[in-house]
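J.: The following block contains a protein sequence and its predicted model.
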Amino acid sequence: MQSWVDSIHARARTRLGSGRVASYIPALAQQDPERLGIAVYTNAGELYSAGDAGVPFSIQSIAKVLLLTLALRTHGEALWQRVGLNPSGMPFNSLAQLEAERGKPRNPFINAGAIVVTDRLVGSFATPDKHLQDVARRLSGNVSILIDAEVLASEWQHRSRNAAAAYLMKAFGNLDNEVDEVLRTYFSCCALSMSCSDLSVALNFLAADGHARATGERFVSPGMTRRINSIMSTCGLYDAAGDFAYRVGLPAKSGVGGGIVAVVPGRMTVCAWSPALDESGNSVAAQYALELFAEELDAHPQEA
Ligand code: GLN
């Protein structure tokens, strides 16, 4: 497995130089586009990594997986009265469908959907962002995971589009709490800094029927795990979810920090990170690394 990861890292490096680092959150524009990390965490508890796998980066929309998981744990199926379950076919920050669909976002992995999910958590926890940080620490076994205050401040300052989505949903009665509080909490969760190694370990419960190896607990049920993986497959890479499903075929979630986490159910989690993004906001080199990884899985169906 270590030799797969090393060879995938070397081959994916050829994609460095394509794409552009996110600049609509100015703090993210400072990222080095030459970074590339890959980490694989198997259900047996082995971690394999290459390149910048230990470097913390802004997880951004990957936080939406943890937000959704916490909201399903606290609100169950009632959550789906507030947010839909279908791909949007639109950019992650689009407002186009929200007006026509009366403030109910298509799914929990576009921004509007994650803002609604955050609103549910604001109603259930005193400090949902601190709770999420604590969950990320426990699931990854890394107590030094932090919310990056500079990224949070930068996103807050440039919040117009997310604020527009939140106010529209508030006008339709789909947000219970104050817009500013919900947005701050959502940005704070997106501003968590984690490495590829942290994320591959933290999200391994999705490959292990909901069992979190680092804490020894069943974090969610097998059925809920299957459902979260399904939404990742259909909506995890926004309007490019279909392309990614064809090329890689694994449930995955991306973020504009350049990270993507993919799940091989029953076997392992993989996280790849490289900051330069394509037009859909998905990392060019990380997508390629995961495509190469899927090809290795095809070639070695029994390993790991
Ligand atoms: N925090 C980012 C935003 O709301 C997340 C977007 C993303 O990673 N696709 O714009």
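T.: Nice, thanks for sending it over.

J.: Which residues does the biggest helix by length in the chain contact?
T.: Determined from DSSP state H, the single longest helix within the chain is helix 284-299. Helix 284-299 is contacted from outside by 4, 8-9, 11-13, 15-16, 18-19, 36, 38, 40, 237, 244, 247-250, 252, 254, 258-260, 262, 264, 270, 272-274, 276-278, using CB atoms under 8 Å, 6 or more residues apart in numbering. Where you see a C-beta, it was placed from the backbone N, CA and C, and this is true even at glycine.

J.: Which positions in the protein make contact with the ligand?
T.: Proximity of the chain to the ligand (CB under 6 Å from any ligand atom) is limited to residues 60, 61, 92, 93, 111, 155, 162, 190, 255, 256, 281.

J.: Among these, name the ones in helices.
T.: Of the positions in these, 111, 155, 162, 190 sit in helices, assigned by DSSP H.

J.: Touching, the third one and residue 111? I think so.
T.: By that I understand residue 162. Yes. With contact defined as CB atoms under 8 Å, residue 162 counts as touching residue 111 (5.7 Å).

J.: ok, back up a step: looking at the ones in helices among the residues of the chain next to the ligand, spot the one nearest residue 138.
T.: Ranked by distance to residue 138 (CB to CB), these are led by residue 190 at 19.3 Å.

J.: quick one on the thing from earlier: any residues in contact with both of residue 162 and residue 111?
T.: Common contacts of residue 162 and residue 111, defined by CB under 8 Å, 6+ apart, comprise residue 93.

J.: show me the contacts for residue 89.
T.: residue 239.

J.: In the chain, which residue is most central in space?
T.: residue 62 (1.4 Å; CA atoms, centre = their mean).

J.: give the contact list for that one.
T.: Each residue near residue 62 by CB under 8 Å, 6+ apart is listed here: 194, 199, 253, 254, 255, 257, 259, 260, 261.

J.: And those, which two are furthest apart?
T.: For the contacts of residue 62, the farthest-apart pair by CB to CB is 194 and 254; their separation is 14.0 Å.

J.: what about residue 239, distance to the ligand?
T.: 11 Å (CB to the nearest ligand atom, to the nearest Å).

J.: Buried members of the contacts of helix 284-299 into PyMOL, please.
T.: A single PyMOL command is used to select the members of the contacts of helix 284-299 judged buried by 16 or more other CB atoms under 10 Å:
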select buried, resi 4+8+9+12+13+15+16+19+36+38+40+237+244+248+249+250+252+254+258+259+260+262+264+270+272+273+274+276+277
